[in-house]
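just the structure for this:
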Amino acid sequence: MRETATVPNNTATGGSGTSECSSKAAMLACEELQTRLKPFRSGGASFADTVQAAIKAGVSLMASGWFKAQQGENTHTYATYGVACSEVQIDVLTGEVRVERVDLCLDLGTQLDAAGWLPFLCGQACELS
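Model prediction:
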């Protein structure tokens, strides 16, 4: 089994590196398409008209992008922070465990995926069962 950092078609992983690389690659592909469509964007032409004119002229409307993350001293050029705190009741006689409350505080700007902390909660459940 290989480490995820060596898997093809990605330049970084962890710390949202994959999201950033994929997003930037998509943006680069869109910029390429914008360049190809520019000659067909005559004043006031709709997007549909612009695309049809490009297709008639034989312009390829397929593009791909590749973005390589810059490597620094600390692999990622930013850091995110998070903390989790759980309030758990354990019955010392029966061993029953009841999670009363879980608080997660994250400093990561705009969250891409609310399920990002699901592995933490699953890990906690496995640890307590």
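
make sure I have this right: residue 101 is in a strand.
Yes. Assessed by DSSP: H, G, I helix; E, B strand; the rest coil, residue 101 belongs to a strand.

and the helix or strand harbouring residue 28, what other elements does it pack with?
According to DSSP states H and E, residue 28 maps onto helix 17-37. Where contact means 3 or more CB pairs under 8 Å, 6 or more residues apart in numbering; DSSP states H and E, helix 17-37 is packed against helix 47-56. C-beta coordinates here come from the backbone N, C-alpha and C atoms, glycine included.

with just CA atoms, put the helix it packs on into CSV.
C-alpha atoms of helix 47-56 as CSV (Å, rounded to 0.1, in the frame of the first residue of the first chain):
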residue,chain,number,x,y,z
PHE,A,47,-23.3,32.4,-23.5
ALA,A,48,-25.3,29.9,-25.6
ASP,A,49,-24.7,31.9,-28.8
THR,A,50,-21.0,32.2,-27.9
VAL,A,51,-20.7,28.4,-27.4
GLN,A,52,-22.6,27.6,-30.6
ALA,A,53,-20.4,29.9,-32.6
ALA,A,54,-17.2,28.3,-31.1
ILE,A,55,-18.6,24.8,-31.9
LYS,A,56,-19.4,25.8,-35.5
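
where does the closest residue to residue 26 other than its chain neighbours land in three-state SS?
Nearest non-adjacent residue to residue 26, counting by CB to CB, 6 or more residues apart in numbering: residue 65, 6.2 Å away. Secondary structure state of residue 65, per three-state DSSP, is coil.

now the helix holding residue 28: buried residues?
Across helix 17-37, burial judged by 16 or more other CB atoms under 10 Å covers 17, 18, 20, 21, 24, 25, 29, 33, 36, 37.

end to end on stretch 52-63, go ahead and measure it.
17 Å (CA to CA, to the nearest Å).
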